[in-house]
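Q: Predicted model and sequence follow; I will ask about them next.
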Amino acid sequence: MRVIGMLLGIPEQDQEAIRDEVDANLRTEAGKPMRNSGALTAGDMFGDYIDWRAEHPSDDIMTELLHAEFDDETGARRRLTREELLTYLAVVAGAGNETTTRLIGWTGKVLAEHPAQRAELVADRALINDAVEEILRFEPPAPHVGRYVARDATFQGQTVPAGSAILCLVGAANRDDRRFRDGDVFDIHRPSVSHLTFGYGAHFCLGAGLARLEGRIALDELLSRFPEWDVDMAGATLAPTSTVRGWETLPIVVG
């Protein structure tokens, strides 16, 4: 959260509160609808920051967005409206924290379950890049994504009519044996094949490069401090969320 907070221009003393609020808005409870009342809105969270940055520009993303100009869908040249800006900041702040946190958690669990490959990483840090990509494929932090079907579309002989909602199972696609040999096997030496964890095309994740960098640095530091570890699964709990999948708590045992 410190990284995305610095990039966006969120004061350090507010970053934990923003993180906790974004996390809370993603939480779900079995048998109940998503929480949509009583929570801070994007305006509550970021309105004051925008007003401050409008008067005190800096070298952060918030300042850039305040002054960005673009041609919208009507061809008009304009800047973001306040509502658009608030929504964008809320999305980026959440995406820049939640998913990378889940990636780091899965890194701890998956490598604990594959100690021989972890030992290879300890001995040869040049393998870290491929290891992070394989973790992203094997346990994607965002295992599904919803889409609205704008026109009739055919998938493997089945037509989905325009106006439908479709749920794309990224986690399943990432293990499809037609694309990945032995897709259910974790292998840091797997030949490079593009996974779908960051999406594809126009919807490719804006923060993919940052997430990969954070994942690589976190893994390198973890291996330096703790070359070996186990996970106390009795104390581990998955976070119940609407869009991402990962660990609320993941206690490790070292030594």
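A: Thanks, I have the structure now.

Q: And the helices in the protein, which stretches?
A: For the chain, applying DSSP state H gives helices covering 2-8, 12-26, 42-55, 61-67, 82-95, 98-113, 115-123, 128-138, 170-173, 208-225.

Q: For Gly146, which of the ones you listed is the nearest?
A: For the helices of the chain, the distance to Gly146 is smallest for helix 170-173, at 11.1 Å, taking C-beta to C-beta. Backbone N, C-alpha and C define where each C-beta goes, glycine included.

Q: Now do that closest one: distance to the chain's middle.
A: 15 Å (C-alpha atoms, centre = their mean, to the nearest Å).

Q: Quick check: mean pLDDT of it?
A: Here helix 170-173 scores 96 as its mean pLDDT.

Q: repeat for stretch 94-112
A: The average pLDDT within stretch 94-112 is 92.

Q: Ok, stretch 25-34 next?
A: In this model, stretch 25-34 has an average pLDDT of 71.

Q: ok, and the closest non-adjacent residue to the residue most central in space within the chain?
A: Centroid-nearest residue in the chain: Thr99, 2.6 Å away (criterion: C-alpha atoms, centre = their mean). Nearest in space to Thr99, with sequence neighbours left out and distances taken as C-beta to C-beta, 6 or more residues apart in numbering, is Pro141 at 4.4 Å.

Q: Output the helices of the chain as a markdown table; include the columns distance to Arg147.
A: Shown next, in a markdown table, are those (distance: least, C-beta to C-beta, whole Å):
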| stretch | distance to Arg147 |
| --- | --- |
| helix 2-8 | 25 |
| helix 12-26 | 19 |
| helix 42-55 | 23 |
| helix 61-67 | 25 |
| helix 82-95 | 16 |
| helix 98-113 | 18 |
| helix 115-123 | 34 |
| helix 128-138 | 20 |
| helix 170-173 | 11 |
| helix 208-225 | 19 |
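
Q: nearest to Asp187, of those helices?
A: The nearest among those, by C-beta to C-beta, is helix 128-138 at 6.5 Å.

Q: Show residues contacting the closest one.
A: 103, 106-107, 110-111, 117, 121, 174-175, 180, 186-190, 192, 195, 197-198, 212, 215-216, 219-220 (C-beta atoms under 8 Å, 6 or more residues apart in numbering).

Q: Just the buried ones among those residues, please.
A: Buried by 16 or more other C-beta atoms under 10 Å: 103, 106-107, 110-111, 117, 121, 174-175, 180, 186-188, 190, 195, 197-198, 212, 215-216, 219, out of these.

Q: Pull the distance from stretch 199-217 to the chain's centre.
A: Put simply, stretch 199-217 sits 8 Å off its chain's centre (C-alpha atoms, centre = their mean).

Q: Report the buried residues of it.
A: In stretch 199-217, counting by 16+ other C-beta under 10 Å, buried: 205, 207, 210-212, 214-216.
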